[in-house]
Structures are given as structure tokens and as C-alpha cells.
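requesting a structural model of the entry that follows:
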Amino acid sequence: RYFPAALASTLVYGHTAGNTTLALGIGQEELEELLWFFRREDPSTWNYSVLALSFVALILGLLLLAINIVRNRKRKIHMYREAVQTTQQAELEAKQALMPVQEYSPAELQKQEPVLQDQRSGEVVVQWKDGTVTSLYT
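Okay, here's the model as predicted:
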């Protein structure tokens, strides 16, 4: 109870003098010596060390912020690409479901192209199962 009052001033009141010696276990001379030591201590080393630690904490915080920004950007880009890819796949599947896909070999495509170019307007052409193409009316 009397300890903060004893550290605050070197003048110890008469009624607290006996209690300080008993409570702290040190004498009046030792108490004055400790108070003198704490008064004459140079706080500049402590101030410089706290300043250095604050700069280190600032640099570490900025580094973590930069890492977090980069990872979030990569994650969002990756999610966007996946979303685009899934929508493209869904559109392709929907188109394939609506339109039957006919597979032709390149030779068949070359056969059909001249026939289609030779057609005249109004001419009806039939393609038989064996692959031959004939006009319906001659």
C-alpha cells in the first residue's frame, strides 16, 4: 500500500518510514539509491530499441499484406477461369444435346461439295443410303 508512495518521493513520511522498511525489506538508504539509479538512467537506448521494433513490425505487416493481396488475386483469377470454363462446357453440352452431330470423313465432304455446287435452283437432290447422290427429276 505504501510502496508507490515510497517510490514516488525520497522524502518518506514519519508514519510510513517504519512500514516501508518492513514491507520492502530494504532500508531508507538503499531505497534512495535505487530511486537515484532509476532517475539517472538514460532512456534513449530503450527508445531506439522500441523504434526499431516498431519499424520491423511495420515491414512485417506490409509484407504479409502484400502476400495476402497477391494470393487473393490469384485465387479470384483461378475461380473466374474455372467459371468461364464450366459455362463454356455447359453451353457446348447444351448445343450438342439439341443438334445431332454427324461425323463425316474429309473424303465425303469433298464428294458432297462439287455436287452441291452443281445444283441449280429448284432442283431436288436425293442422297441414298449407299452414298450416291441423284437428282429426283431429270
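
which other helices and strands contact the stretch of helix or strand residue 134 belongs to?
Per DSSP states H and E, residue 134 falls inside strand 133-135. Counting contacts by 3 or more Cβ pairs under 8 Å, 6 or more residues apart in numbering; DSSP states H and E, strand 133-135 is packed against strand 125-127. Placement of C-beta: from N, CA and C, glycine included.

so for the strand it packs on, mean pLDDT?
Taken as a whole, strand 125-127 has an average pLDDT of 86.

partner strands of it and their direction?
Note on strand 125-127: by DSSP bridges, its sheet partners are strand 133-135 (antiparallel).

so where's this structure shaky on pLDDT?
1-24, 99-120, 138 (pLDDT under 70).

can you map out the helices along this protein?
For the chain, applying DSSP state H gives helices covering 3-8, 14-24, 28-40, 44-98, 106-118.

tell me the buried residues in the third one?
Pointing back at helix 28-40 there. Applying a neighbour-count criterion of 16 or more other Cβ atoms under 10 Å, one finds residue 31 buried in helix 28-40.

again with stretch 129-138
So, applying 16+ other Cβ under 10 Å, stretch 129-138 has no buried residues.

next one: residue 66 from residue 43, what distance?
34 Å (Cβ to Cβ, to the nearest Å).

now swap in residue 51 and tell me
Residue 51 is 12 Å from residue 43, by Cβ to Cβ.

residue 125 touches residue 137, doesn't it?
No: counting by Cβ atoms under 8 Å, residue 125 sits too far from residue 137 to count as a contact (10.0 Å).
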